[in-house]
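**Student:** Sharing a model prediction with you, sequence too.
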Amino acid sequence: SATRVVLELIVPNDVFAPTTLPRRLPLLAMAFGIAGVSACILMLIGGNDLRLWQNSLAGRFLDDQLVLLEVAVGAAGIHYLLIGSAGLCGRSVAGFQNHPLQSASLAEFWARRWNRMVQGNLKRGFFQPQVRSGRPQLGVLAAFTASGVLHVMAVVGAGPPSLIALPSISVMGFFLLHAGLVLVEKRLGWDRAPLRPWLLLWARVRTIVVFIALSPLLIDPFACVTHVHGRAFQPSPQAESRN
């Protein structure tokens, strides 16, 4: 069933996988984690007071970026809480992510640095079977499509079809665009991190800029689903006039 597929994609085995990397100073990691989660909560409260999304299209874009920052800071906080808690128990675990801001390409971001909760399962369930069949490009498309469907499922239950159709298309478009860009990166050789420091810096900046530019496709619908900063899906003027 669809529910079973979703549950299989969020098994946290990769998050709690043992690692050979030392996890020293678990109390410091816990402090980072508490600071990250606290900062996320404070930004959520501040964003709800500001409600930049109400002002203009530019304000909505800025609000999307604030939500993106909240997600990034909150996810980092959860990551440090996980490895700090494990360290206090004498364990060394991989954690939720792997320095995503150091990604030199979108391929690196999605495959190795972001959200181990889902990443490994998508790789094993969708990407690797196609690679074994000699179709790695199809594997990339399959993994991103599966991730898109997983995220769309969170949107479709948020309202009637007239409200969630475009947001659902936006969310799926985000993942399909990233799939296409990952394939372009591989064709251009951009999926391999440059060795020269200045080229590596440029690759990281390029990756961040592209991600930020496309992020509203995903962030905007999810901000409405979760009512972040007081948002909600609004009926179109045409629908309102019919009513």
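**Tutor:** That came in fine, so what should we check first? Everything quoted here is computed from the prediction, not taken from an experiment.
**Student:** where does the chain have low pLDDT?
**Tutor:** For the chain, the stretches flagged by pLDDT under 70 are 1-12, 16, 20-24, 236-243.
**Student:** So which residues of it form helices?
**Tutor:** Listed in chain order, the helices of the chain (DSSP state H) span 2-9, 26-50, 57-88, 106-108, 116-122, 128-132, 136-156, 161-188, 197-214, 216-225, 237-242.
**Student:** In PDB, could you pull the C-alpha coordinates for stretch 45-56?
**Tutor:** Taking Å, rounded to 0.1, in the frame of the first residue of the first chain, the C-alpha atoms of stretch 45-56 are listed here in PDB:
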ATOM      1  CA  ILE A  45       7.600  33.300  16.200                       C
ATOM      2  CA  GLY A  46       9.200  36.300  14.500                       C
ATOM      3  CA  GLY A  47       8.100  35.300  11.100                       C
ATOM      4  CA  ASN A  48       4.500  34.900  12.400                       C
ATOM      5  CA  ASP A  49       4.700  38.400  13.700                       C
ATOM      6  CA  LEU A  50       6.200  39.900  10.500                       C
ATOM      7  CA  ARG A  51       4.100  37.900   8.000                       C
ATOM      8  CA  LEU A  52       6.200  39.100   5.100                       C
ATOM      9  CA  TRP A  53       4.100  37.000   2.700                       C
ATOM     10  CA  GLN A  54       1.200  39.400   3.000                       C
ATOM     11  CA  ASN A  55       3.000  42.400   1.600                       C
ATOM     12  CA  SER A  56       3.900  41.500  -2.000                       C
END
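**Student:** buried ones in that stretch?
**Tutor:** Neighbour-count burial for stretch 45-56 flags 47, 50, 52-53 (criterion: 16 or more other C-beta atoms under 10 Å). Quick note: C-beta positions are derived from backbone N, CA and C, even for glycine.
**Student:** For residue 71, state which of the residues you listed is nearest.
**Tutor:** Using C-beta to C-beta, residue 47 comes nearest to residue 71 of the buried residues of stretch 45-56, at 11.8 Å.
**Student:** picking that back up, adding distance to residue 19, write the helices of the chain out as a markdown table.
**Tutor:** As requested, the helices of the chain are exported to a markdown table (distance: least, C-beta to C-beta, whole Å):
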| stretch | distance to residue 19 |
| --- | --- |
| helix 2-9 | 22 |
| helix 26-50 | 13 |
| helix 57-88 | 9 |
| helix 106-108 | 18 |
| helix 116-122 | 11 |
| helix 128-132 | 21 |
| helix 136-156 | 23 |
| helix 161-188 | 25 |
| helix 197-214 | 23 |
| helix 216-225 | 29 |
| helix 237-242 | 51 |
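**Student:** which stretch among those comes nearest residue 100?
**Tutor:** helix 57-88 (7.6 Å).
**Student:** Can you give me the buried ones in the closest one?
**Tutor:** Within helix 57-88, the residues scored as buried using 16+ other C-beta under 10 Å are 60-64, 66-68, 70-84, 86-87.
**Student:** Quick one: distance of it to the chain centre.
**Tutor:** With C-alpha atoms, centre = their mean, to the nearest Å as the basis, helix 57-88 stands 10 Å off its chain's centre.
**Student:** Please find the angle between the direction vectors of it and helix 26-50.
**Tutor:** 160 degrees (axes from the mean of the first three to the mean of the last three C-alpha atoms, to 10 degrees).
**Student:** Just the angle for helix 57-88 relative to helix 216-225, thanks.
**Tutor:** Going by the same axes, to 10 degrees, helix 57-88 makes 80 degrees with helix 216-225.
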